[in-house]
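# Just need the structure, nothing else, for what follows:
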Amino acid sequence: MEKNNKINTDFENRKMPLIELLTSQENVLQLAKTKNIEKYRFAQFFKWILEKKVVNPQKMSNIPLKFRDYLEETIEIIPFKLEKNLHEEKTRTNKLLLETVDNFFIEVVLLNDDDRTTLCLSTQIGCPMNCSFCATGKAGFVRNLTANEMLAQFLLVQSIGYKVDNIVIMGMGEPFLNFENLKKFLIGLCKNDISPFSPRRITISTCGVENFTDLLLDLGLPIKLSISLHSPFNKTRKSLMPNAMDLEKLFLQCEKYLDRIDKRITFEYLLIDGLTDDDESINLLIKIAKRFHAFLNLIEFNEIKGVNYRSSTREKQIIDILQENNVEFAIRYKRGKSIDGACGQLVWTRINEKK
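The predicted model follows:
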């Protein structure tokens with residue numbers, strides 16, 4: 001996935017990441033004292049970024065020019081280059097390809113609906129879970145994204161004119177394998193004093209890794225949990241998601257989660273022809289959904305090059321079965337097919353261009 005053979009491991013130390021100021025009043029006070037800057041100037045700076053959605057310090061008109069120069073030279077705000085912003089008119093979907101300072105690529109997706117815009121945010125460059133249906137897994141794993149790189153995805157899309165109403169942490173990577181950075185990002189986003197984002201409008205999706213429910217609960221934010229299930233059978237699920245935990249362990253985690261908090265779990269379920277859409281799978285899926293009082297998110301398979309799976313042709317029959325059994329569900333239809341719609345596909349295409 002790398003553009004150059006050598007990875008720059010010192011890139012995080014070039015400037016102070018903005019997230020370190022948003023999550024630490026002590027850092028703000030120390031910087032203000034060291035550089036002889038009035039504390040309220042930092043509050044002005046944060047308002048420009050979080051309320052006015054301006055990320056270029058030179059455009060912050062009520063801040064002294066000298067301080068603007070200092071911010072530009074010292075604070076890391078957007079550590080990305082926007083390489084592409086592709087739009088599919090039919091589904092009102094945008095896919096942004098971002099290049100990191102160490103010359104890798106990540107994706108950001110915007111789902112524009114009549115009443116809201118949802119940001120699909122990435123937590124890693126590539127993914128170590130190696131799911132057989134996912135273009136991100138095909139690209140391999142490079143590194144974790146920093147907390148500031150997660151924040152920058154949010155700030156960047158807002159700075160180019162999109163108002164983000166909801167965030168789904170369902171982009172590249174397994175969020176709970178980069179939890180310390182994810183935690184810092186969420187605290188900076190949701191607990192800042194200027195313009196906190198409501199955690200109730202954030203969903204984290206996971207394949208299921210060790211202690212993921214403990215990590216989420218200990219965070220102490222009312223964030224929604226979505227779990228990539230994709231098959232009710234261990235053997236089939238392992239063929240799809242070889243590095244995900246066994247279903248028995250996953251369900252124990254779900255029980256622990258529901259014992260501690262009164263929040264509904266969503267199970268994501270990929271409809272793959274001949275593999276996950278048969279009656280036996282759907283009937284067992286119904287039992288699992290009822291056991292955990294879960295909501296089902298059925299996903300149309302977005303076909304990608306090099307993967308032999310096909311989208312199910314039994315969608316209508318499955319909908320009828322779920323309705324007959326009074327199971328609540330929604331269908332996530334294909335979006336962005338004309339702009340490398342599958343998760344990770346835009347990065348995969350970009351990598352191949354470099355070969």
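
# Domain-wise, how is the chain divided?
According to automatic domain parsing, the chain is divided into the following domains: 11-76, 81-354.

# Put together JSON lines for the ones you listed, with mean pLDDT and mean neighbour count on each row.
In short, each C-beta sits where N, CA and C put it, glycine included. Conversion of the domains of the chain to JSON lines gives the following (pLDDT from 0 to 100; neighbours: other C-beta atoms under 10 Å):
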{"stretch": "domain 11-76", "mean pLDDT": "93", "mean neighbour count": "16"}
{"stretch": "domain 81-354", "mean pLDDT": "92", "mean neighbour count": "18"}
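
# any idea which element Met150 lies in?
helix 147-159 (DSSP states H and E).

# For that helix, C-alpha coordinates in PDB please.
As requested, the backbone C-alpha atoms of helix 147-159 are provided in PDB (Å, rounded to 0.1, in the frame of the first residue of the first chain):
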ATOM      1  CA  ALA A 147      -6.400  10.300  16.900                       C
ATOM      2  CA  ASN A 148      -5.600  13.500  15.100                       C
ATOM      3  CA  GLU A 149      -6.000  11.700  11.700                       C
ATOM      4  CA  MET A 150      -9.500  10.600  12.800                       C
ATOM      5  CA  LEU A 151     -10.400  14.100  13.900                       C
ATOM      6  CA  ALA A 152      -9.000  15.500  10.600                       C
ATOM      7  CA  GLN A 153     -11.400  13.300   8.600                       C
ATOM      8  CA  PHE A 154     -14.300  15.000  10.300                       C
ATOM      9  CA  LEU A 155     -12.800  18.500  10.100                       C
ATOM     10  CA  LEU A 156     -11.800  18.100   6.500                       C
ATOM     11  CA  VAL A 157     -15.300  17.200   5.200                       C
ATOM     12  CA  GLN A 158     -16.900  20.000   7.200                       C
ATOM     13  CA  SER A 159     -14.400  22.500   5.900                       C
END
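
# Tell me the helix or strand right after it.
Past helix 147-159, the next helix or strand by DSSP H and E is strand 166-169.

# mind listing what the closest residue to Glu149 other than its chain neighbours touches?
Among residues not flanking Glu149 along the chain, Pro79 sits closest, at 6.0 Å (C-beta to C-beta, 6 or more residues apart in numbering). Contact analysis of Pro79 by C-beta atoms under 8 Å, 6 or more residues apart in numbering lists 11, 17, 100-101, 146, 148-149, 152.

# Run the chain-centre distance for the helix holding Met150.
When C-alpha coordinates are averaged (C-alpha atoms, centre = their mean, to the nearest Å), helix 147-159 and its chain have centres 11 Å apart.

# elements contacting it?
With contacts taken as 3 or more C-beta pairs under 8 Å, 6 or more residues apart in numbering; DSSP states H and E, helix 147-159 sits against helix 18-22, strand 80-88, strand 93-100, strand 105-112, strand 117-120, helix 179-190.

# Beyond the longest one, next helix or strand please.
Later in the chain than helix 179-190, the nearest helix or strand by DSSP H and E is strand 202-206.

# Where do the helices of this protein begin and end?
Applying DSSP state H to the chain gives helices spanning 18-22, 25-34, 39-50, 65-74, 135-139, 147-159, 179-190, 212-219, 234-240, 247-260, 279-291, 315-324, 345-354.
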